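Engineer: Could you work out the structure for the sequence below:
(2 chains)
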Amino acid sequence: MTDRVSRLSSRPVLTVLFLWRRRLPGLALGVLASLAALLAGLALVAFSGLRLAGTGAGLVLASALLLRLLGIGRVLLRYGERLLTHDAMFRALADLRVWFFRSLARTAAGGIGFRRSGDLLSRLVGDVEALDGLYLRVIVPLAGAVLAFPLLFLLALRQGPALAVVVAALFAASVFLLPILAARLVRRDAGLLSGRASELRVSVLDLVGGLREIRAFNAEHRMLAAVRSREQALLSLQQVLARKAALAGAASFLCQQMAVLAVLAALAGLAFGRIRPMEGALLLFALLAAFEFAVGLARAGVLAGHMRHAAARVVQAGELPPGTTVQRLGTAVLPQGHALRLRDVTFRWQADRPAVFEHLTLDIPQGTRVAILGPSGSGKSSLAALLLRVAVPQGGQITLGGVDLASVDEAVLRSRIAWLSQSTHLFADTVRANLLLGRPDATDAQLWSALDQAGIGDTVRALPEALETWLGEGGTGLSGGQARRIALARTLLSPAPILILDEPATGLDAEAEQAFLSTLNEAVSGRTVILIAHRLTGVERLDRIWRLAGGHASAAAA
Amino acid sequence: MTADKALVRAWSRAQSRVGRRQARPVILLGVLGTGLAIGQAWCIAVVLARALTWGVSARAVQPGQHAFAAGPGWTPLAVFALLAVFRAVLQVRQETRAAGTAAASRRRLRDGALASILSRGPALLRVEAGGALTALVVDRIEALDGFFGRWIPAASLAVASPALVLAAVCVVQPRAAVVLLLCGLAVPASQALFGIGAALAARQQFTAMARLQARFLDRVRGIATIVLAGRAEDESRRLGVAADELRRRTMRVLRVAFLSSAALDCAFAVALVLIALLDGRTLLGRSTMPSAAGPVLLPHSLFALILVPEFFAPLRSFALAYQDRMQAAGAAVALDTLARAPADTPPPPAPGPSAIRTVAAHGVAVAFEQVGFTWDASRGPVLADVSFRIPARETVVLVGPSGSGKSTLIEMLLGFVAPDAGRITLNGADIATVVPDALSQMTGWIGQRPLLFAGSIRHNGLGARPDAAGAELAAALRAAAVDGFAALLPDGLDTRIGEGGYGLSGGQAQRVAIARAFLRNAPLLLLDEPTAHLDPVTEGEILDSLKRLAVGRTVLLASHSSAAHAFPGRRIHLSRGHVVQSEGVPA
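Structural biologist: Reported below is the predicted structural model:
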């Protein structure tokens, strides 16, 4: 299945549709309901017209009962169609979200989740949302057009092949050709659009984040001018797109009008030979009704142009970066103990970047407390990435309890190593839910003891709803130090025998940092602690200190 | 919640007023388009009626009808085609115009929001997160496109266009007009019946939807945390459950909400069937009588029938655009909060000639006189009765734990906030009397994490003084030792940094900030924990550069790091907003 998805990914929209295959019955049912509603609508307008037209000849061509039935049928079918299509779409969208999340989680092992900025991810979330119109606004109306096309052709054919060809050609141009042309027309611009929007976002982010610098440098007018010029670039591109969409819509409208004109000319006996007036009237009303329904398709073409890009970004984000492999199934051999060993490890993040480690050898025996120090850029966080198997070394071997890390089962690995870093995320959820991420089966007593160990228990007790207090996005509502402590409590709660703490005291002032680190001394007895920092405060109790420099580790006295 | 609702209503009313004025051409074009459609309907009716009666006369029933039975000729067809072309042109103009007005409105709102942000200045960042502000200014205002482009014109056209159709039908076929009017009136009536519930439900559903989206975004942002805790499978399952629950709730809401659309469909069908049946019966009755007026009445009835979709189309667009109005609600609250927030900061710097009061040439002496300040009354004062002096060209080091008020003192000197009590003087002049432009020209500032703007290193350096000559920039970069690492970057000084570009390390970024300060060459230098996030080696190097920069300037350095003690100068110890100790120059 995975192979199938990646093979299709050169056509992102198809990939998205393929992901929806499980929802095919529901989606198809929605389309069918929509077609039935369309038929009822066509028949209602056509027969109403015919009823009236027939009176000219003193004929009753559509019974009052038929009209009433069609009217009621149309209303009911439309209602059913709306319910069915929306329900199907919600299901499909939910599937897409979960698929996207799963793929990201899978590829996070290849480095995406670890290193990609939250901003980029939030844009991808927007792209997932943009795909909601794919079914309702493109596929459903298109299916209707496909159904209406032969009907109109057959109706017209009864009046003569010439008229049939003209009407069918104009209808096809209006509902098939022009939308495709419109999609092609905007393809390039739609691609540019997200770039322009992101440039505007960057310049606003600069302005907001740099308020201090701006005030200090008197740069208000310069920054405002920069934002305005980006905004102008975005708005003028949107204007171009709007004009193209309007032109496509107008061209489609003119095709419809020409088709109506052709039927009128035939009715007037001016072209296509004289046709039978009653059937001509039926054709005319059917045509009017069909066009009323198909009027949005040209615009849907423009929309499809945007969706193609959205789909491409979503699918691409869910794909594995080239050159990485996912290993979920490890050996049957469970690692014996928790000693970590790095032998001769060579690692670089990208082939064209210099190596972070060359022949790095490092021993972290079970139950020891080690610090890994080094200036920024010496590879401390890369080491954490290697131990967590977020990244895979190009050379050498890392073992956990004597078993090659590469062959350890994913679930086993995650249960053995807990991780706290600067990028550890607090979720917009309750304190309890945030803590349970570390250990889903934890009891209240365990939660409180972890909070106390992290030195935040009293603060949480003082909150109005204690454990049930809702933390805002990114832990807002708490100070930076408090948020870090909650994250620490979550890590301490985890039963994992190895804790990797990557710059755990960032954002804390000197006093808070010392308090935090002395908590650590007591909280984690018996577990392996790997403390990654650029300097020590002196309160840490350590068994060994490693210094990283120039891609090598050297032992320093503890 | 109720306050929010009233606020949203007031906001959308005010915006609609402005928006409607701007949208007037769009509305006019829309009404004009309806007028043309009426003309086209008449052409169709005439052609169709003549064709139908010709069919009758061909069977030679009514001698009196031969005059009518002659072919309708090209005239109505030509008029129809002409009107079609006009309509197409109008449509294009209407749509581009609507897009243009929507863009203008967004530009206006964005300008307003940016002005609020700039005028509230750095103090704003203490209350709002930068990311949220950016999302408001960019994405939420962008999402108002539909409110201005679709909702506002649709709201006006939903009345004007049906009224025009009604008037036209009324002239030729009053009974059909009555049918249309009654069915048309049933639409707002049914909207009121189902609409109240539907609108409420739609709002709830919108909130629930927004919550799910927020949750999804939050989980995606924290995906590394989830994966590394081994909970990815669990969380995706929960996400699926949440989405399915939302769908079920939404569908319950939509079942009601769609009733109002169904009412619209119903009114449409009733109008169509009634006109067809009633007029049909009349016509049928008359055409069987010898003195029939059928041929005259037939085009009138057909005309009314053809216009039924035209009558309901604007009502349908109105219903569709309602969701655009919903979209506006969230943005309304956020924009209003931003604009209305208390202006406890100094007024926005007035653009104009920089009237420098103090003279920089002889250096700047700073004095704090019994300064007090409170950010938040519930947490007590940040500073109380703080007094000290910094003589010109000398250095003072502020020492104290975080939260002791060091940064607040520096923000006061930068003019970001004004003291609640006491005063600050620069060379004897109260800082409150100094023109903001002049103040910022006097001061150079380096914070904990300097913000580098997206752009090249050169561009960032010049940010401090855009008119600096190339040689001056080069000298500043050399003095801050930027040239050393810049040479190793792919494009040297023109390497793009910041978002989407090359990432500089903390030390490198701090060097660029120092280069900016060199270039700025201000007599007063404010350093707010400039080495807080650096490792000891880098910290030492940065301190060396800072010492070079400090020569000949008045310097206020705030730090809790021990390394900053290497900096020469008088030390002032702050604790909980008070000066607790003041020492002279060690060594």
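Engineer: which residue is nearest the middle of chain B?
Structural biologist: B:I141 (2.1 Å; C-alpha atoms, centre = their mean).
Engineer: hmm, who's touching the helix or strand in which that residue is found?
Structural biologist: Assigned by DSSP states H and E, B:I141 falls within helix B:141-142. For helix B:141-142, contacts defined as C-beta atoms under 8 Å, 6 or more residues apart in numbering or on different chains pick out A:A197, B:R106, B:L109, B:R110, B:A113, B:A331, B:L335. For the C-beta atoms, the positions are set from N, CA and C on the backbone; glycine is no exception.
Engineer: Lowest pLDDT pick from those?
Structural biologist: Here the lowest pLDDT out of the contacts of helix B:141-142 sits on B:A331, with 75.
Engineer: mind checking which helix or strand it is in?
Structural biologist: Taking DSSP H and E as the definition, B:A331 sits inside helix B:294-340.
Engineer: after that helix comes which helix or strand?
Structural biologist: Downstream of helix B:294-340, the next assigned helix or strand under DSSP H and E is strand B:366-373.
Engineer: What segments of the stretch 351-500 of chain B are strands?
Structural biologist: Here the stretch 351-500 of chain B has its strands, by DSSP state E, counting those that start in this stretch, at B:366-373, B:383-390, B:395-399, B:421-426, B:429-430, B:443-446, B:455-456, B:496-497.
Engineer: Next, the angle from the fourth one to strand B:383-390.
Structural biologist: Here strand B:421-426 points in a direction 20 degrees away from that of strand B:383-390 (axes from the mean of the first three to the mean of the last three C-alpha atoms, to 10 degrees).
Engineer: Quick check: mean pLDDT of strand B:421-426?
Structural biologist: Here the average pLDDT along strand B:421-426 is 87.
Engineer: Given that strand, what are its sheet partners and their directions?
Structural biologist: Strand B:421-426 sits in its sheet next to strand B:366-373 (antiparallel), strand B:429-430 (antiparallel), going by DSSP bridges.
Engineer: So which of those is the most surrounded?
Structural biologist: Stretch with highest mean neighbour count among the strands paired with strand B:421-426: strand B:366-373 (a mean of 19; mean count of other C-beta atoms under 10 Å in any protein chain shown).
Engineer: Save the strands of the stretch 351-500 of chain B as CSV, and put in distance to A:L177 too.
Structural biologist: Output for the strands of the stretch 351-500 of chain B, formatted as CSV (distance: least, C-beta to C-beta, whole Å):
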stretch, distance to A:L177
strand B:366-373, 69
strand B:383-390, 72
strand B:395-399, 73
strand B:421-426, 72
strand B:429-430, 74
strand B:443-446, 62
strand B:455-456, 45
strand B:496-497, 43
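Engineer: closest to A:T399 out of those?
Structural biologist: For the strands of the stretch 351-500 of chain B, proximity to A:T399 was assessed by C-beta to C-beta; strand B:496-497 is nearest, at 39.1 Å.
Engineer: Pull out the CA atoms of the helix or strand following that closest one and give them to me as CSV.
Structural biologist: Sequence-wise, the next helix or strand downstream of strand B:496-497 (DSSP H and E) is helix B:506-520. Extracted C-alpha coordinates of helix B:506-520, given in CSV (Å, rounded to 0.1, in the frame of the first residue of the first chain):
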residue,chain,number,x,y,z
GLY,B,506,23.9,32.3,18.6
GLY,B,507,27.4,33.7,18.7
GLN,B,508,27.4,34.6,15.0
ALA,B,509,24.1,36.3,15.3
GLN,B,510,25.3,38.3,18.3
ARG,B,511,28.3,39.4,16.2
VAL,B,512,26.0,40.8,13.5
ALA,B,513,24.2,42.7,16.3
ILE,B,514,27.5,44.1,17.5
ALA,B,515,28.4,45.2,14.0
ARG,B,516,25.0,47.0,13.8
ALA,B,517,25.9,48.8,17.0
PHE,B,518,29.3,49.8,15.7
LEU,B,519,27.7,51.1,12.6
ARG,B,520,25.1,53.0,14.6
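Engineer: what residues does the helix or strand that comes right after helix B:506-520 touch?
Structural biologist: As assigned by DSSP H and E, the chain's next helix or strand after helix B:506-520 is strand B:524-528. For strand B:524-528, the surrounding residues in contact (C-beta under 8 Å, 6+ apart) are B:364, B:366, B:406-407, B:410, B:413-414, B:426, B:442-448, B:517, B:546, B:549-550, B:553-559.
Engineer: now the angle from strand B:524-528 to strand B:421-426?
Structural biologist: 130 degrees.
Engineer: Figure out how far strand B:524-528 is from the centre of its chain.
Structural biologist: Averaging C-alpha positions (C-alpha atoms, centre = their mean, to the nearest Å) puts strand B:524-528 35 Å from its chain's average.
Engineer: Any chance of the contacts of helix B:141-142 in TSV with distance to B:G184 and neighbour count as columns?
Structural biologist: Converted to TSV, the contacts of helix B:141-142 look like this (distance: C-beta to C-beta, whole Å; neighbours: other C-beta atoms under 10 Å in any protein chain shown):
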residue	distance to B:G184	neighbour count
A:A197	41	21
B:R106	33	22
B:L109	34	20
B:R110	38	23
B:A113	40	22
B:A331	32	22
B:L335	35	23
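Engineer: Next one: the most centrally placed residue in chain A from B:I424, what distance?
Structural biologist: Central residue of chain A (C-alpha atoms, centre = their mean): A:V125, 3.5 Å from the mean position. Applying C-beta to C-beta, to the nearest Å, the value for A:V125 to B:I424 is 46 Å.
Engineer: Show the residue spans covered by the strands in chain A.
Structural biologist: Taking DSSP state E, the strands of chain A run over residues A:340-347, A:357-364, A:369-373, A:395-400, A:403-404, A:417-420, A:498-502, A:528-533, A:544-549, A:552-556.
Engineer: Go through those and find the least confident stretch.
Structural biologist: Confidence, taken as mean pLDDT, is least for strand A:552-556 of the strands of chain A (a mean of 68).
Engineer: need the contact list for B:S301.
Structural biologist: By C-beta under 8 Å, 6+ apart, B:S301 lies in contact with A:L52, B:Q173, B:A176, B:I275, B:D279, B:G280, B:T282, B:L283.
Engineer: A:R308 is in contact with A:A190, correct?
Structural biologist: Yes: using C-beta atoms under 8 Å, A:A190 makes contact with A:R308 at a distance of 7.4 Å.
Engineer: Can you give the domain ranges for chain A?
Structural biologist: As recorded under automatic domain parsing, the domains making up chain A are A:2-318, A:340-556.
Engineer: Also chain B?
Structural biologist: Per the record, chain B has its domains at B:3-339, B:366-583, by automatic domain parsing.
Engineer: and the longest one, how far out from the chain's middle?
Structural biologist: Going back to what we said before, that points to domain B:3-339. Domain B:3-339 sits 24 Å away from the centroid of its parent chain (C-alpha atoms, centre = their mean).
Engineer: go on, the last one?
Structural biologist: Averaging C-alpha coordinates over domain B:366-583 and over its chain gives two centres that are 33 Å apart (C-alpha atoms, centre = their mean).
Engineer: just stretch A:335-342 next, same as before
Structural biologist: On C-alpha atoms, centre = their mean, the centre of stretch A:335-342 falls 37 Å from that of its chain.
Engineer: picking up where we left off before, which of the contacts of B:S301 scores worst on pLDDT?
Structural biologist: Among those, pLDDT bottoms out at B:L283, giving 70.
Engineer: tally of neighbours for it?
Structural biologist: As a burial measure, B:L283 scores 26 neighbours (other C-beta atoms under 10 Å in any protein chain shown).
Engineer: same check, this time on B:D467
Structural biologist: So B:D467, with other C-beta under 10 Å, has 6 neighbours.
Engineer: Next up, phi/psi of it, please.
Structural biologist: Main-chain torsions, B:D467, degrees, to the nearest 10: phi -90, psi 10.
Engineer: for B:A167, same thing?
Structural biologist: phi -60, psi -40.
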